[in-house]
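Student: no sequence on this one, just coordinates:
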């Protein structure tokens, strides 16, 4: 256990992934000579989410950590976030919203960004409620609605989000 704690985040993700995801079988060449052309990546993630939904949390955590590690502009990482968000993984919903907001791996789209934070908020995810409350407060991707903003920020604060609690305490709007 001590050895595991000394690993970097990337090494820890790789170690856990290697332990939980079965290694691929022998290499198979397609008609063009490419070895295992469908192995790994987005195809493997989609298959794993479809066939082993009980592993969605772990698989999406790996995508989440990959995005945090600097792969945010990768089209494949963006596609992975889309799959994980659609599978119901709230942290992936937040990162997907950020990608839409900042145009990372896709065109900027405030309405889609707000859609995904609303989905995370609807699951009771405090971070999602915070970001959805901010979107409502500022009118980002949705019409401005201070009353609903207060509702979602309050839910976020009740869920333990310190940023939401500070905003509610300091804002003259509430």
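Tutor: Thanks, I have it. No experiment lies behind these values; they were computed from the predicted model shown.
Student: list of residues touching stretch 124-142?
Tutor: Here stretch 124-142 makes contact (C-beta atoms under 8 Å, 6 or more residues apart in numbering) with 90-91, 93-94, 97, 101, 109-115, 117-122, 144-146, 148-153, 155-156, 158-161, 163-164, 173. C-beta coordinates here come from the backbone N, C-alpha and C atoms, glycine included.
Student: my read is residue 143 is in a strand, agree?
Tutor: No - under DSSP: H, G, I helix; E, B strand; the rest coil, residue 143 falls outside any strand and is assigned coil.
Student: what number of residues lie near it?
Tutor: 7 (other C-beta atoms under 10 Å).
Student: one more: residue 172?
Tutor: 4.
Student: give me the distance between it and residue 146.
Tutor: Look at residue 172 and residue 146: by C-beta to C-beta, to the nearest Å, they are 11 Å apart.
Student: now swap in residue 86 and tell me
Tutor: Distance from residue 86 to residue 146, by C-beta to C-beta: 31 Å.
Student: residue 63 too?
Tutor: 34 Å.
Student: per-residue pLDDT, residue 100?
Tutor: pLDDT recorded at residue 100 is 92.
Student: that one against residue 106, yeah?
Tutor: Yes - taking C-beta atoms under 8 Å as the definition, residue 100 is a contact partner of residue 106 at 6.2 Å.
Student: between the two, tell me which one has more neighbours.
Tutor: residue 100 (25 against 17).
Student: who's in contact with the closest residue to the more buried one other than its chain neighbours?
Tutor: Spatially, and ignoring its direct neighbours in sequence, residue 100 is nearest to residue 113 (4.0 Å; C-beta to C-beta, 6 or more residues apart in numbering). Listed by C-beta under 8 Å, 6+ apart, the contact set of residue 113 reads 97, 98, 100, 101, 135, 140, 141.
Student: okay then, goodbye and thanks.
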